[in-house]
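J.: Okay, sequence plus prediction incoming.
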Amino acid sequence: MSFDILKGMTTTLKNMGKKPTTVSYPEQERDLAPRFRGRHVLHRYDNGLERCVGCYLCAGACPADAIYIEAGENSEEERVSPGERYARVFDVNMLRCIFCGYCQAACPTGAITLEKNYKLASFYPEDLVYHKEQLLEPEGSATVGSNDVWADPAPEEAEQPVPQESKVFDGSHASAAAVGLGNYQAERAVLFENPEQDVDRRK
């Protein structure tokens, strides 16, 4: 018994001079790692348009089914995003979210990232379902967020890689050859004058 006490006291004495690992939160906060995953943020382009095009890829990639999206159609009178559609509704259920980052990895436009906001406590569960208005960057701000940290830099010899250097598609011009499609127009099918012949040909 005395040996066990001595062994325990040795461990205690060894750690007495070490700096404590705890912090006095909330007066003091710990520095977060560059790749820390916190609350989601929806980003904008420099021209103010929303990056999200309502493609549902983030919702499909989410293993916890935490993302709910309803897409709306863009029009020339009311353009929200550069694509044909935009996210009219974008909800993230933080009670389900496991902060895996799959949504960020799946997004082709860099519209959603997990940032360093971890203060998500609430007295009511309904307050932990974040809506688009809470997630979207305010007008006048345009960032790519933690995409800069997670994405590998493009090779130096690449003039215009696809995605671009930041690995976030920004709508800049790139040839079809850059994505392996070639620069040629798709060959049009030659239709016979007789529709029956055309049906036979397509078989």
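T.: Arrived safely. In this text, all values refer to a predicted model and were calculated from it rather than measured experimentally.
J.: Quick one: low-confidence residue ranges for this protein.
T.: Where the chain drops to pLDDT under 70, the residues are 1, 153-203.
J.: residue boundaries of the helices in this structure?
T.: Per DSSP state H, the chain carries helices over the ranges 2-15, 57-61, 102-106, 132-135, 147-150, 195-202.
J.: tell me what the fifth one is packed against?
T.: So the one you mean is helix 147-150. helix 102-106 (3 or more CB pairs under 8 Å, 6 or more residues apart in numbering; DSSP states H and E). Just so you know, the C-beta spots here come from the backbone N, C-alpha and C atoms, and that holds for glycine as well.
J.: Which positions within the helix it packs on qualify as buried?
T.: Using 16 or more other CB atoms under 10 Å as the test for burial, helix 102-106 gives Y102, C103, Q104, A106.
J.: Mind putting these into TSV with distance to G48?
T.: Compiled in TSV, the buried residues of helix 102-106 are given as follows (distance: CB to CB, whole Å):
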residue	distance to G48
Y102	28
C103	23
Q104	22
A106	24
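J.: F90: which of the residues you listed is nearest?
T.: The closest of the buried residues of helix 102-106 to F90 turns out to be C103 (CB to CB; 10.8 Å).
J.: give me every residue that touches that closest one.
T.: H40, C58, A59, A61, C62, I67, I112, L114 (CB atoms under 8 Å, 6 or more residues apart in numbering).
J.: Can you tell me the closest non-neighbouring residue to C103?
T.: Distances taken as CB to CB, 6 or more residues apart in numbering place C58 nearest to C103, at 3.7 Å, with adjacent residues excluded.
J.: what about the one you found, how many neighbours?
T.: Using other CB atoms under 10 Å, C58 has 24 other residues around it.
J.: isn't it right next to A106, touching?
T.: Yes: because the distance of 5.3 Å satisfies CB atoms under 8 Å, C58 is recorded as touching A106.
J.: Which strand runs longest in this protein?
T.: Looking across the chain with DSSP state E, the single longest strand is strand 85-93.
J.: Share the number of residues neighbouring the residue lying closest to F99 once chain neighbours are set aside, please.
T.: Spatial nearest neighbour of F99, chain neighbours left out: R37 (4.4 Å); criterion: CB to CB, 6+ apart. As a burial measure, R37 scores 20 neighbours (other CB under 10 Å).
J.: go on, N47?
T.: Other residues close to N47 by other CB under 10 Å number 8.
J.: Might you report the residue contacts of the residue nearest to P125 when sequence neighbours are not counted?
T.: In this structure, P125 finds its nearest non-sequential neighbour in L95, 6.0 Å apart by CB to CB, 6+ apart. Residues near L95 by CB under 8 Å, 6+ apart: P125, L128, V129.
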